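Asks: This is the structure alone, sequence omitted:
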């Protein structure tokens, strides 16, 4: 049986570091000075934690590709704002239950 769920990754920016962590998935912590790398690495870390903690192999993808996510944020930002503001994101997990 195929199962699908999602995990919320909280985002914060501290001194130029793009950081994602999650209350729903203990151990999830991703940080990079490159926003896109940090965003994409969340999938890798979630898949690794699922394999290590639960023995489940799953595919993980963000609900929005980074470019679409970035475009939606830039569109909604006030013109005078110069720094990128990102928000919490959900990441979809697809796996097979034993």
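Replies: Looks like it arrived, so ask away. All values derive from a computational prediction rather than experimental measurement. Numbers count the residues shown, from 1 in each chain.

Asks: the strands in the chain, which residues?
Replies: Taking DSSP state E, the strands of the chain run over residues 2-14, 17-21, 29-32, 58-62, 89-96.

Asks: Pipe those strands into CSV and attach mean pLDDT per row.
Replies: CSV is the format used below for the strands of the chain (pLDDT from 0 to 100):
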stretch, mean pLDDT
strand 2-14, 84
strand 17-21, 90
strand 29-32, 96
strand 58-62, 90
strand 89-96, 66
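
Asks: Among these, which comes closest to residue 68?
Replies: strand 58-62 (9.2 Å; Cβ to Cβ). All C-beta spots, glycine's among them, are computed from the backbone N, C-alpha and C.

Asks: buried sites along that closest one?
Replies: By neighbour count on 16 or more other Cβ atoms under 10 Å, the buried set for strand 58-62 is 58, 60-62.

Asks: Direction included, what does it pair against?
Replies: On the basis of DSSP bridges, the sheet neighbours of strand 58-62 come out as strand 89-96 (antiparallel).

Asks: related to what we said a few turns ago, need the strands of the chain in CSV with distance to residue 39, can you?
Replies: As requested, the strands of the chain are exported to CSV (distance: least, Cβ to Cβ, whole Å):
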stretch, distance to residue 39
strand 2-14, 9
strand 17-21, 7
strand 29-32, 8
strand 58-62, 7
strand 89-96, 7
